[in-house]
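J.: Everything below, folded, please.
(chains A and B)
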There are 2 protein chains.
Amino acid sequence: MSRTQLLKQIFNAHSVAIIGASRRMGHPSHLALMGLIESGFDGKIYPINPSAREIDGIKAYPNIKSVHEPVDLAFIAVQAAKVIPILRECAEKGVKGAIINSAGFKELGTKEGTEREEEVSRIASSTGMGIIGPNCVGFHRSSMSTMPGLPQPAEIRAILKEKGNVGMTSQSGWFCGFYIHRCALRGVRFSTAISSGNEADFTTIDFLEYLGEDEDTEVITMYLEGVKDGKNFLKVSKAITPEKPIIIWKVGLTKAGSRAAFSHTGSLAGKEGIYGAVFRQAHVVQAFSSKELIDLTVAFSLCKKPKGNRVGIISSPGGFAVATADACERSGLNVPRLSEKTCKELKKFLPQYSSTLNPVDLTMTAIENPQFYPECMKILDSDDKIDSMIVVTGAGGIYDEFIEKSVREIEKPVMVVLTPYWTVETEPSASAKAGIPTYAYPEEAARSLAALTRYAMVRS
Amino acid sequence: MSRTQLLKQIFNAHSVAIIGASRRMGHPSHLALMGLIESGFDGKIYPINPSAREIDGIKAYPNIKSVHEPVDLAFIAVQAAKVIPILRECAEKGVKGAIINSAGFKELGTKEGTEREEEVSRIASSTGMGIIGPNCVGFHRSSMSTMPGLPQPAEIRAILKEKGNVGMTSQSGWFCGFYIHRCALRGVRFSTAISSGNEADFTTIDFLEYLGEDEDTEVITMYLEGVKDGKNFLKVSKAITPEKPIIIWKVGLTKAGSRAAFSHTGSLAGKEGIYGAVFRQAHVVQAFSSKELIDLTVAFSLCKKPKGNRVGIISSPGGFAVATADACERSGLNVPRLSEKTCKELKKFLPQYSSTLNPVDLTMTAIENPQFYPECMKILDSDDKIDSMIVVTGAGGIYDEFIEKSVREIEKPVMVVLTPYWTVETEPSASAKAGIPTYAYPEEAARSLAALTRYAMVRS
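T.: Below is the predicted model of the structure:
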């Protein structure tokens, strides 16, 4: 069975054992259990705990052997020293895959930790059991998630349960969960998001190959500390990027960052220049912060691809009209004057002191005239000097659904900057829920649109 | 009377007329009225409207002459063509200052608009009445605000009513309000924030001089499209920066941005290189986006000044430990290894697989052990290899007050990165309300700390 096939089986497990299951709120095993339940996992769950008869109302077992049904996947959250014997038990039981949540392996930087991790690798290769981790939190899919199921608005939980087009891998478990939630707030849906940890068995490259072949995945994103086999990484990436964009936030590129990456997941993080060269060769889109990775994910997964780099800007706040123009030009986009015909049509209904030069500055009269937005968008949609639009709203939620409808009706790609005073990123806006790319600041929208435009123009 | 004295009188007005007062929700005059009422202005308000007997329960007058008490300040929101005769009436009545909200002046780019604006300047200089605008929304002070009083959480309203140390000027009226609210969410309090618009009379330089002399103002920030007298701007800035930092977001620096700035407030925006050189000469801190201006305001107004550039990082999320180290080094800060003594003390209570090298990676066990934060901060506080700290929390609001208390107890400057999944920037966190500098992403904290450190080291 290929690695990709094995992963497919793991991601579609029908039964999961939580080994080291604890009732303690905040304990990783408890968070994993909550994650499974909240994601609506419809298979069997077996909490394993030698001294509990049930956990959260689910029958518990003293060890994996006492479960008499088949177990597809084990989530292991015990002390590092106990992991190896448990892995052996799992293999004997015929478990297909294991997620090792426990820390205390190579990242310790000790002989003991390194040897322990090598033993994990040997068990995987000698038994054929697929192992994710150690030092990870497993994976998130719309149908089955082992990620910490912390309390969150119902609107976010609903988005997390919808199947999407983004596949993600992260060597940091915490970041994987953080990223999923921040992306969901912006309306992004996932195919599979994987926390890969120390990668004693399955590596980033295995997950990359899987996501490359996965039909649901259209965009691949990544938090990367380091890869063990650079040549193979380049080869696999190169094969994928003609079909699907890969967006990577590579961390540990400075001296202190590299030291931190080693003590985090035992990764050798490598030099900035080397990784930059590899990414350029493979046509990987590089993000330089977590925020940028999230913003790019929104652009690549939710926005249509622009046919060229000429942006039309429509703004009600005048200050952000100027800022958006600056940000677009700084990002390499072009903000041309609109055609005379377009200006004339706009002047028919906009106030005298508005501007139609591009940016189209609606002025704050748009607060009283929200129909300005759809009317302007429609006119710019038929101006052949414009390939995409950034629309900046000055007011709050009342325009949200208004804009949502008009974005659907026009053909060109549109990004929306939502700038109400008191709601930003905590609840998904109506636009975000509807799958419209939304941003809180013009510079973030401009940078993301520029990256998407560059990608679209190279790939067209 | 000096310009600064005249401004002081305007900012401490005891009576305000709203000329062109409308009942329509969303109309600028109505927003100004709401702003005045919500800020708790305890002087007299006179709505002026020829066809209303009262507005929002306040007695209205047909014109300014029919008000028989003295009027210190007039907020004018009528059609541009009607502004000049109204200004003359105000001057005859002895009004000290006027805010012209109306647009339709130089920013039109027409002969008519330019002449109208020149007439405003002439009225100001011939009558001695001080005029703010046209095309502006006035000013915000804790005791008296003409800024749109949109509905917002009570916690923000409470912060807006507290007197603070930040003085701000903005040529964009909308941005002025947006900035105040976003800053208040982060715990920033204001002395005076001024929307200066087209600057027919009072200019950015007048406001800068005022804020330079104002005892309450410790930090000056600015949204700038352009200044009319570059030499004077340089002279005034140079005189202020040895005492108070000036942070400027200059927009309109690209071709499209400059075109947009002209049609926005009639400003000639100028070249990137020229402004950059002026800012460097004057030791002005330059921000390159609205977000950066906000982040720098938080740093300069709320954070202690570091004595050197060596940062200690404490993080519970491992991924953000790496990212914070990267971000600090990229921003020019130093992330040194901690002293052996410090490592030993930390190892006493942190789990074996945590890291004490700097970043101090608490691992996600901090979720169950929130006391790790104050304990680690205290130990780093006495390590003389460290000048400042960035603390990254992995969990939500439950740690917020915990961290607030510990930040107060330590001597070194601390910035906090709050990374809960579902609350980011919509409600002020307990830490923000308490005046602790908080950030949503490590890169933003690192960049802001680096700017503050550079400033502190030059000025010490």
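J.: Every contact and neighbour count from this point should use C-alpha atoms.
T.: Fine.
J.: Tell me where the longest strand sits in chain A.
T.: Secondary structure assigned by DSSP state E gives strand A:163-170 as the longest strand of chain A.
J.: Mind giving me the packing neighbours of that strand?
T.: When contacts are defined as 3 or more C-alpha pairs under 8 Å, 6 or more residues apart in numbering or on different chains; DSSP states H and E, strand A:163-170 sits against strand A:190-195, helix A:204-213, strand A:219-224, helix A:290-302.
J.: most neighbours per residue, which of these?
T.: Ranked by mean neighbour count under mean count of other C-alpha atoms under 10 Å in any protein chain shown, those are led by strand A:190-195, which reaches a mean of 28.
J.: Give me the angle between the helix or strand where A:A450 lies and helix A:290-302.
T.: Using DSSP states H and E, A:A450 sits in helix A:442-459. Relative orientation of helix A:442-459 with respect to helix A:290-302: 50 degrees, computed using axes from the mean of the first three to the mean of the last three C-alpha atoms, to 10 degrees.
J.: quick one: the longest strand of chain A to helix A:204-213, angle?
T.: Using the same axes, to 10 degrees, strand A:163-170 lies at 160 degrees relative to helix A:204-213.
J.: Can you give me the end-to-end span of stretch A:192-209?
T.: The first and last residues of stretch A:192-209 sit 13 Å apart, counting by C-alpha to C-alpha, to the nearest Å.
J.: contacts for the lowest-mean-pLDDT helix or strand in chain A?
T.: Of all the helices and strands that make up chain A, helix A:400-409 has the lowest average by mean pLDDT, DSSP states H and E, namely a mean of 78. Counting contacts by C-alpha atoms under 8 Å, 6 or more residues apart in numbering or on different chains, the residues outside helix A:400-409 that touch it are A:370, A:373-374, A:377, A:414, A:429-431, A:434, A:436.
J.: got the residues of the stretch 101-250 of chain A near chain B?
T.: Within the stretch 101-250 of chain A, the positions near chain B by C-alpha under 8 Å from any C-alpha of the partner chain are A:103-104, A:107-108, A:152-153, A:172-175, A:178, A:181-182.
J.: quick check: domain ranges of chain A?
T.: By the record's domain assignment, chain A is partitioned as A:3-299, A:303-459 (automatic domain parsing).
J.: now the shortest one: how far from the chain's centre is it?
T.: Put plainly, it is domain A:303-459. Its chain's C-alpha centre lies 24 Å from the corresponding centre of domain A:303-459 when counted by C-alpha atoms, centre = their mean, to the nearest Å.
J.: Strands of the stretch 301-450 of chain A, residue ranges please.
T.: Counting by DSSP state E, counting those that start in this stretch, the stretch 301-450 of chain A forms strands over residues A:311-315, A:360-361, A:388-393, A:414-418, A:438-439, given from the N-terminal end onward.
J.: could those strands be laid out in JSON lines, adding distance to chain B?
T.: Supplementary listing: those in JSON lines, determined by distance: least, C-alpha to the nearest C-alpha, whole Å:
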{"stretch": "strand A:311-315", "distance to chain B": "10"}
{"stretch": "strand A:360-361", "distance to chain B": "8"}
{"stretch": "strand A:388-393", "distance to chain B": "11"}
{"stretch": "strand A:414-418", "distance to chain B": "12"}
{"stretch": "strand A:438-439", "distance to chain B": "12"}
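J.: okay, these, which one's buried deepest?
T.: Comparing the strands of the stretch 301-450 of chain A by mean neighbour count (mean count of other C-alpha under 10 Å), strand A:311-315 comes out on top with a mean of 29.
J.: what angle do that strand and strand A:414-418 make?
T.: Computed by the same axes, to 10 degrees, the angle between strand A:311-315 and strand A:414-418 is 30 degrees.
J.: just checking, what packs against strand A:311-315?
T.: Under the contact rule (3+ C-alpha pairs under 8 Å, 6+ apart), strand A:311-315 is packed against helix A:318-330, strand A:360-361, helix A:372-381, strand A:388-393.
J.: hang on, the earlier thing: can you list the strands that the longest strand of chain A pairs with?
T.: On the basis of DSSP bridges, the sheet neighbours of strand A:163-170 come out as strand A:190-195 (parallel), strand A:219-224 (parallel).
J.: mean confidence for the helix or strand following it?
T.: Counting by DSSP H and E, the next helix or strand C-terminal to strand A:163-170 is helix A:173-185. This predicted structure assigns helix A:173-185 an average pLDDT of 91.
J.: Report all helices and strands that helix A:173-185 contacts.
T.: helix A:154-160, strand A:190-195, helix A:290-302, helix B:318-330.
J.: can you put the strands of the stretch 301-450 of chain A in CSV and add mean pLDDT?
T.: Shown next, in CSV, are the strands of the stretch 301-450 of chain A (pLDDT from 0 to 100):
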stretch, mean pLDDT
strand A:311-315, 96
strand A:360-361, 93
strand A:388-393, 94
strand A:414-418, 92
strand A:438-439, 91
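J.: if we can go back for a sec, going by neighbour count, which of the residues of the stretch 101-250 of chain A next to chain B are buried?
T.: Neighbour counting over those (16 or more other C-alpha atoms under 10 Å in any protein chain shown) leaves A:103-104, A:107-108, A:172-175, A:178, A:181-182 as the buried ones.
J.: if we can go back for a sec, and which of the contacts of helix A:400-409 is nearest chain B?
T.: Comparing the contacts of helix A:400-409 against chain B with C-alpha to the nearest C-alpha picks out A:P370 as the nearest, at 11.7 Å.
J.: Now that closest one: phi and psi?
T.: Backbone geometry at A:P370, expressed as degrees, to the nearest 10, gives phi -60, psi -20.
J.: do you know how far it is from A:G319?
T.: Taking C-alpha to C-alpha, one finds A:P370 at 19 Å from A:G319.
J.: cool, A:G276 as well?
T.: For A:G276, the distance to A:G319 equals 35 Å [C-alpha to C-alpha].
J.: more crowded one of those two?
T.: Between A:G276 and A:G319, counting by other C-alpha atoms under 10 Å in any protein chain shown, A:G319 is the more crowded of the two (28 against 14).
J.: Just give the nearest non-adjacent residue to the more buried one, would you?
T.: B:S172 (5.2 Å; C-alpha to C-alpha, 6 or more residues apart in numbering or on different chains).
J.: Tell me which residues touch that neighbour, please.
T.: Contacts here follow C-alpha under 8 Å, 6+ apart; on that basis B:S172 touches A:318-319, B:136, B:195-197, B:223, B:265.
J.: One more pass at 10 Å, please.
T.: Taking C-alpha atoms under 10 Å, 6 or more residues apart in numbering or on different chains as the criterion, B:S172 is in contact with A:317-320, A:322, B:135-137, B:178, B:194-198, B:223-225, B:261, B:264-265.
J.: now swap in A:T241 and tell me
T.: Listed by C-alpha under 10 Å, 6+ apart, the contact set of A:T241 reads A:212, A:219-220, A:247, A:282-285, A:459.
J.: would a markdown table of the helices and strands packed on helix A:173-185 with distance to B:H27 be doable?
T.: Compiled in a markdown table, the helices and strands packed on helix A:173-185 are given as follows (distance: least, C-alpha to C-alpha, whole Å):
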| stretch | distance to B:H27 |
| --- | --- |
| helix A:154-160 | 33 |
| strand A:190-195 | 43 |
| helix A:290-302 | 34 |
| helix B:318-330 | 44 |
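J.: Go through the ones you listed and find the least confident stretch.
T.: The weakest mean pLDDT among the helices and strands packed on helix A:173-185 belongs to helix A:154-160, with a mean of 86.
J.: Name the surrounding residues that touch that one.
T.: A:38-39, A:140-143, A:145, A:149, A:151, A:180-190, A:426-429, A:433, B:422.
J.: could you redo the last one with a cut-off of 7 Å?
T.: Taking C-alpha atoms under 7 Å, 6 or more residues apart in numbering or on different chains as the criterion, the residues outside helix A:154-160 that touch it are A:142, A:184-185, A:189.
J.: Thank you kindly, that will do.
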